[in-house]
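S.K.: Structure, please.
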Amino acid sequence: MLMCRPVELLGTSWMLLAGLLVSLQEAVGAPGVLRRKVTAVGSSVLLPGPDNITHIDSTRWEFLNGTSSNTILQYYRGSHKQAIHAPYTGRAIFHPSNGSLLLEDVQESDSGIYKVTVNVQNSESLKILLEVLKPVSHPRLWSSVLVARGTGEVLCEVAEGRVDTFTWKKNGQPLPPDRRIHTSDGLSILYLRSVKKSDCGSYSCNASNGISWQETSLNVTVAGLSLPLQDMLRVAVVAVVFAAVSGWGLIFPVCQSEKLRIRGELWRWLSAYTCGLVCIASILAGTAGILWMREEGPSIAMILPEIALTYAIVVNFLVSATVTFQPTKFIQLKSKTAQRTLGYAAPGGVVAVVLTTSFLVKNIHNRHGEGCTEFVEVTVLAVSTAAVSVLPLLAIYLCYHTTQGWLKECESTWADKERSFEMSQLRSKDAVSTH
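M.R.: Numbering: from 1, shown residues only. Sure thing, here's the model as predicted:
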């Protein structure tokens, strides 16, 4: 395999070609000048005779194939015969005046060394290395998934035509010499190590041979966040929304006056729901922390919040389950320490979730800045999560206010009836006293 940089590749190709020419010239073992001609498939090419020849008595054209040779034609001036041998019959034209040979509709199989010998006695000869090439096709350029701090590749592939040189540029400028590039048959790979924001840009790949060149450009972007970190961000957003909604459910009843505060069955369902929501939020925040440590490695800054979240998960689950299925046990609890522990479990869980997710989101934002892609869209997720989680609270508060309105209406009705009864009694007494 050939490992090289773009600037060195051209020089290396010419060195290899020069070595090939020398080896071919030595292989045929005959004297003479070696020239090189390059042409495209399907075209016509003129193979010249030796220079400075003023008089031609005989000419012999042959195709050198390793140590053997195949005669194309043998010409003698006196006979005027031009016997052209297969496979050149019908597509080779000889010019006796200067000894040149015109080959028509050449194919890749016609590539090789052609030797012309003029005036056999004087042994004037010339060797021509003919290369018949297909034009290079338009390169196909693509890249692997590029994530900041990771590794990646930008690949340039040519399907048709032999490629002599691949040239890479970024934003119209040659790549730095320290970039690693691997080139094989029709494929060039640009390796990117420790990918960073500066690797973003427009990359162009130019593929060329002796008769043609083609160039393709690709806009390469680097993602600041890997797919696991993007999932972690979504989990953290859902966790903090759940924590915010449950916090609102905890604060709102406290802000109400003692007379209007929710009690009884509605309080039981409100407590069960808020504690359950804190439990779910703690589970999600803990999961987000584990995903972060899986990508970045364990740290004290995440291990301590994980412990606090585990405590919040267990306590809030027990509170929610007890209030839902066995509320009498919760009411009969006499220990003040246990009451405080259970009372502060939900607010403490909310605080732990908010602090943990804030730390994670801040680090995620910093990691995102190392790339050049748009930030992960989480607005729709946050709004939909908030809407779904608020619905049960709204149902509880609606039921509470409906019940309160009905009770006030009932109290007002009874008060009116009592007032009417009292008025009727007063009228009866007035009537009796009058008589």
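
S.K.: now the helices: where do they sit in the chain?
M.R.: 6-28, 227-255, 264-296, 300-325, 327-331, 336-368, 379-434 (DSSP state H).

S.K.: which stretch in the ones you listed has the least confidence?
M.R.: Looking at the helices of the chain, the lowest mean pLDDT belongs to helix 6-28 (a mean of 40).

S.K.: In contact with residue 49, which residues?
M.R.: Residue 49 makes contacts with 56, 59, 98, 99, 100, 116, 118, 126, as judged by CB atoms under 8 Å, 6 or more residues apart in numbering. All C-beta spots, glycine's among them, are computed from the backbone N, C-alpha and C.

S.K.: out of these, which are buried?
M.R.: 56, 59, 99, 100, 116, 118, 126 (16 or more other CB atoms under 10 Å).

S.K.: Please tabulate those residues in a markdown table, including the columns pLDDT and distance to residue 270.
M.R.: Below are the buried ones among the contacts of residue 49 laid out as a markdown table (pLDDT from 0 to 100; distance: CB to CB, whole Å):
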| residue | pLDDT | distance to residue 270 |
| --- | --- | --- |
| 56 | 82 | 112 |
| 59 | 88 | 108 |
| 99 | 88 | 106 |
| 100 | 92 | 102 |
| 116 | 91 | 103 |
| 118 | 88 | 109 |
| 126 | 90 | 102 |
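
S.K.: among the residues you listed, which are in strands?
M.R.: Residues of the buried ones among the contacts of residue 49 located in strands (DSSP state E): 59, 100, 116, 118, 126.

S.K.: Could you list everything residue 82 pairs with in the sheet?
M.R.: residue 75 (DSSP bridges).

S.K.: ok, now how distant is it from residue 110?
M.R.: 19 Å (CB to CB, to the nearest Å).

S.K.: The two: which is more packed in?
M.R.: residue 110 (19 against 15; other CB atoms under 10 Å).

S.K.: what's near enough to touch the closest residue in space to that one that isn't next to it in sequence?
M.R.: Using CB to CB, 6 or more residues apart in numbering and skipping the chain neighbours, the partner closest in space to residue 110 is residue 132 (5.1 Å). Neighbour list for residue 132: 39, 40, 41, 45, 106, 107, 108, 109, 110, 111 [criterion: CB under 8 Å, 6+ apart].

S.K.: now swap in residue 88 and tell me
M.R.: 72, 73, 103.

S.K.: Of those residues, which is the most crowded?
M.R.: Neighbour max across the contacts of residue 88 (other CB under 10 Å) = residue 72, 24 neighbours.

S.K.: which residues does it contact?
M.R.: Per CB under 8 Å, 6+ apart, neighbours of residue 72: 61, 62, 63, 84, 85, 88, 92, 101, 114.
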